[in-house]
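Q: Give me coordinates for this.
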Amino acid sequence: MMRVEYINPFVSAAYSVLEMVLGIQPEKGQLAMRPGIFTTQQCSIVMGVTGKVEGSVIYGMSLTTADKIASHMIGQPIRTFDALAASAIAELGNMITGNAAALLAEKGYTCDISPPSIIRGSNVKISTVNTPALVVPILLGDFGDIEINVSLQERK
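A: Numbers count the residues shown, from 1 in each chain. Prediction:
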């Protein structure tokens, strides 16, 4: 059973990390529910979560958004999504998920996170187990949007 209290730490963490990294005030889009976790975005960071709660978190964005964020993080323009850009975007996923895991732990849900996987390309559908996913778009003004897909359940 996917619970809303699992999503709030990810939204809070995304806000604070993105605000710190990009120097802007993110906004939350319309929360949506999906029967399973998947992304159809061009660039996705896939993170695994294990422990008291387990599942996956996928941060999806367009390649344009990924390039803009990576350029800002690295401090130099990126024109094509290369290894350096992928590394920066992976680190962004690590920072948000690590912060979210700390917030979950404060609520009594201790968990570990896996290293991030970056998946890119159009028409790639990433799906994992059929736990429902809560989807929160984070709107980043000129940078574009990041879609956070959280599919976690309490360990049986």
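Q: could you pull out the strands for this structure?
A: Secondary structure of the chain by DSSP state E: the strands cover 27-28, 32-34, 38-39, 43-51, 53-61, 111-113, 117-120, 126-127, 133-139, 145-154.
Q: In terms of mean pLDDT, which of those strands ranks lowest?
A: The stretch with the lowest average pLDDT out of the strands of the chain is strand 126-127, scoring a mean of 64.
Q: Give me the mean pLDDT for the longest helix seen in the chain.
A: Identified as the longest helix of the chain according to DSSP state H is helix 83-106. Throughout helix 83-106, pLDDT has a mean value of 95.
Q: buried stuff in that helix?
A: Within helix 83-106, the residues scored as buried using 16 or more other C-beta atoms under 10 Å are 85-86, 88-90, 92-97, 99-101, 103-104. Using the backbone N, CA and C atoms, a C-beta is placed for each residue, glycine as well.
Q: CA-only coordinates of it in PDB, if you can.
A: Coordinates of each C-alpha in helix 83-106 appear next as PDB, following Å, rounded to 0.1, in the frame of the first residue of the first chain:
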ATOM      1  CA  ALA A  83      29.400  11.500 -19.200                       C
ATOM      2  CA  LEU A  84      30.000  14.700 -17.200                       C
ATOM      3  CA  ALA A  85      26.400  15.800 -17.400                       C
ATOM      4  CA  ALA A  86      25.200  12.200 -16.500                       C
ATOM      5  CA  SER A  87      27.500  12.300 -13.500                       C
ATOM      6  CA  ALA A  88      26.000  15.700 -12.300                       C
ATOM      7  CA  ILE A  89      22.400  14.500 -12.800                       C
ATOM      8  CA  ALA A  90      23.200  11.200 -11.000                       C
ATOM      9  CA  GLU A  91      24.600  13.300  -8.100                       C
ATOM     10  CA  LEU A  92      21.400  15.400  -8.000                       C
ATOM     11  CA  GLY A  93      19.400  12.100  -7.700                       C
ATOM     12  CA  ASN A  94      21.700  11.000  -4.900                       C
ATOM     13  CA  MET A  95      21.400  14.300  -3.000                       C
ATOM     14  CA  ILE A  96      17.600  14.400  -3.200                       C
ATOM     15  CA  THR A  97      17.200  10.700  -2.300                       C
ATOM     16  CA  GLY A  98      19.800  10.800   0.500                       C
ATOM     17  CA  ASN A  99      18.000  13.800   2.000                       C
ATOM     18  CA  ALA A 100      14.600  12.100   1.600                       C
ATOM     19  CA  ALA A 101      16.000   8.900   3.300                       C
ATOM     20  CA  ALA A 102      17.200  11.000   6.300                       C
ATOM     21  CA  LEU A 103      13.700  12.600   6.500                       C
ATOM     22  CA  LEU A 104      12.100   9.100   6.300                       C
ATOM     23  CA  ALA A 105      14.400   7.900   9.100                       C
ATOM     24  CA  GLU A 106      13.200  10.800  11.300                       C
END
